[in-house]
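Undergrad: how would this look folded up:
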Amino acid sequence: MANDKAFVQYVVDQIDPSADMRYRAMFGGYTLYSHDKVVALICDNQLFIKPTEAGRALIGKPEEAPPYPGAKNCFLMGDEIDDGEWLTKLIAVTEAELPKPKLRKKKKKKA
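TA: Predicted structure coming up:
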């Protein structure tokens, strides 16, 4: 999975700062977070949005595909990434519908 960091940055830059976007390289792709919730993946320089009912309602009839082999289908975005206002709205409705991330418990060190 080849990913161009400039593409990742372009996608993130399209989204309004109020979405509190950040990204992290993981497993050959990038995971995108909004308010600490995983909302999207970038794999092979393609943007995949986590599927939600609100996202589906906004998109209409989304193209769906797995971001990597064996993964569940996500909404595959095309030229929509160039519309920052629309993409920001999609990220916002997706983030609002997703559950809060579970806090990880730290393992205690054995003495």
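
Undergrad: Find the nearest non-adjacent residue to the residue nearest the centre of the chain, please.
TA: When C-alpha atoms, centre = their mean is applied to the chain, the residue found nearest the centroid is A40 (1.1 Å). Once flanking residues are discounted, A40 sits nearest to L32: 4.1 Å by C-beta to C-beta, 6 or more residues apart in numbering. For the C-beta atoms, the positions are set from N, CA and C on the backbone; glycine is no exception.

Undergrad: Report all helices and strands that the helix or strand hosting the residue nearest to the centre of the chain contacts.
TA: A40 belongs to strand 37-43 when elements are defined using DSSP states H and E. Helices and strands touching strand 37-43, by 3 or more C-beta pairs under 8 Å, 6 or more residues apart in numbering; DSSP states H and E, are helix 5-14, strand 29-34, strand 46-49, helix 84-97.

Undergrad: switch the cut-off to 7 Å
TA: On a contact count with 3 or more C-beta pairs under 7 Å, 6 or more residues apart in numbering; DSSP states H and E, strand 37-43 meets strand 29-34, strand 46-49, helix 84-97.

Undergrad: who are the neighbours in contact with L41?
TA: Counting by C-beta atoms under 7 Å, 6 or more residues apart in numbering, L41 makes contact with G29, Y30, T31, L32, F48, P67, C74.

Undergrad: For the first one, which non-adjacent residue is spatially closest?
TA: This means G29. G29 sits nearest to C43 (C-beta to C-beta, 6+ apart), 4.0 Å away.

Undergrad: So for that neighbour, what's the pLDDT?
TA: For C43, the pLDDT comes out at 94.

Undergrad: Please tell me I have it right and F7 contacts N45.
TA: Yes: using C-beta atoms under 7 Å, F7 is in contact with N45, at 4.8 Å.

Undergrad: remind me which residues of the protein are low pLDDT?
TA: Along the chain, the parts satisfying pLDDT under 70 run over 1-2, 107-111.
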